[in-house]
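Visitor: fold the following.
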Amino acid sequence: MIFDLTILESRLGYSFVDGQLLVDALTHSSFAYEQDVVTRDNQRLEFLGDAVLQLVVTEHLYRALQDIPEGDMTKLRAGIVCEPTLALVAESLDLGSFLRLGHGEELAGGNKNPSNLSDAVEAVLGAIFYESGYVAVRDVVLRLFKPFIKLACEGRLVYDYKSRLYEWAQAEGDKVISFRVTEEIGPAHDKTFKVGLWINDELRSEGVGQSKKAAEQEASRAFFQRFLGNDG
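Guide: Residues are numbered from 1 along each chain as shown. Presented below is the predicted three-dimensional model:
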């Protein structure tokens, strides 16, 4: 974990008056559980931030898209506020480096887990709203989510990287795709899967997720980003 939270505040474009709020927003439940004293985790702030994010994006779409019916705006919003988008926002902030994780969660790669990252983004937004209100958090949301809102409105915000991977392999003509589970971490009721992506029997990328399908999607996304220089 990086302890200088002013770095994160600079990336957010927001400085907390109560620094403990930001610390709480970055605290995973696994870390709080391991402490000898009562420690707040980020679950309540995540609950608040989820609602705030939905409202900010809804208001923005309502104002920006005057002639779009409700059903279409709902679909656009769903793409913008989903876990993959939140995880990409977290990556743009390098938020994983600031997370406070329990020992087991850290060993399991929890600072790269899309679920942990997306939850932390919502918690940070919840903390900003709690401290400074709607206008302040709206400014942060619209700045961080601007490229994803643009992609969504253009119909280009797509996260089925696995399907795109197979389309790419078919177009290339000589690529054989396979996914293999390389590690399973955690108890049966709360497993985390690490999956490797092999292309022509060569390991090209890995992904982590709370299901095999989620891990395969993450491995596919990582391949596009790392080796092809884009997101598919």
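Visitor: show me the chain divided up by domain.
Guide: 5-153, 161-227 (automatic domain parsing).
Visitor: adding mean pLDDT and mean neighbour count, write those out as TSV.
Guide: Yep, even glycine has a C-beta here, placed from its N, CA and C like the rest. Conversion of these to TSV gives the following (pLDDT from 0 to 100; neighbours: other CB atoms under 10 Å):
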stretch	mean pLDDT	mean neighbour count
domain 5-153	94	18
domain 161-227	88	16
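Visitor: quick one: the strands in this protein?
Guide: Secondary structure of the chain by DSSP state E: the strands cover 177-185, 192-199, 202-209.
Visitor: any chance of those in TSV, plus distance to Ala90?
Guide: Output for those, formatted as TSV (distance: least, CB to CB, whole Å):
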stretch	distance to Ala90
strand 177-185	20
strand 192-199	17
strand 202-209	14
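Visitor: of all those strands, which one is nearest Val81?
Guide: strand 202-209 (18.9 Å; CB to CB).
Visitor: now do the closest one against strand 192-199, angle only.
Guide: Put simply, strand 202-209 runs at 160 degrees to strand 192-199, going by axes from the mean of the first three to the mean of the last three CA atoms, to 10 degrees.
Visitor: direction included, what does strand 202-209 pair against?
Guide: In the sheet, strand 202-209 lines up against strand 192-199 (antiparallel) (DSSP bridges).
Visitor: contacting residues around the strand it pairs with?
Guide: With contact meaning CB atoms under 8 Å, 6 or more residues apart in numbering, strand 192-199 is reached by 108-110, 113, 165, 169, 175-186, 203-212, 214-216, 218-220, 222-223.
Visitor: let's go with 6 Å and repeat that
Guide: Residues outside strand 192-199 that contact it (CB atoms under 6 Å, 6 or more residues apart in numbering) are 108, 175, 178-186, 203-210, 212, 215-216, 219, 223.
Visitor: okay, Asp201 and Arg226: tell me how far apart.
Guide: 18 Å (CB to CB, to the nearest Å).
Visitor: hmm, I was thinking of Met73
Guide: Met73 is 34 Å from Arg226, by CB to CB.
Visitor: could you do Gln170 as well?
Guide: From Gln170 to Arg226 the distance is 21 Å (CB to CB).
Visitor: now swap in Leu61 and tell me
Guide: Where Arg226 is concerned, Leu61 sits at a distance of 32 Å (CB to CB).
Visitor: now swap in Leu203 and tell me
Guide: 12 Å.
Visitor: Leu144 now?
Guide: Applying CB to CB to Leu144 and Arg226 gives a distance of 23 Å.
Visitor: what do you get for Phe179?
Guide: With CB to CB as the criterion, Phe179 and Arg226 are 16 Å apart.
Visitor: do Ala171 as well
Guide: With CB to CB as the criterion, Ala171 and Arg226 are 19 Å apart.
Visitor: which residues touch Gln217?
Guide: 161-162.
Visitor: gap between it and Thr192?
Guide: Relative to Thr192, and taking CB to CB, Gln217 is found at 14 Å.
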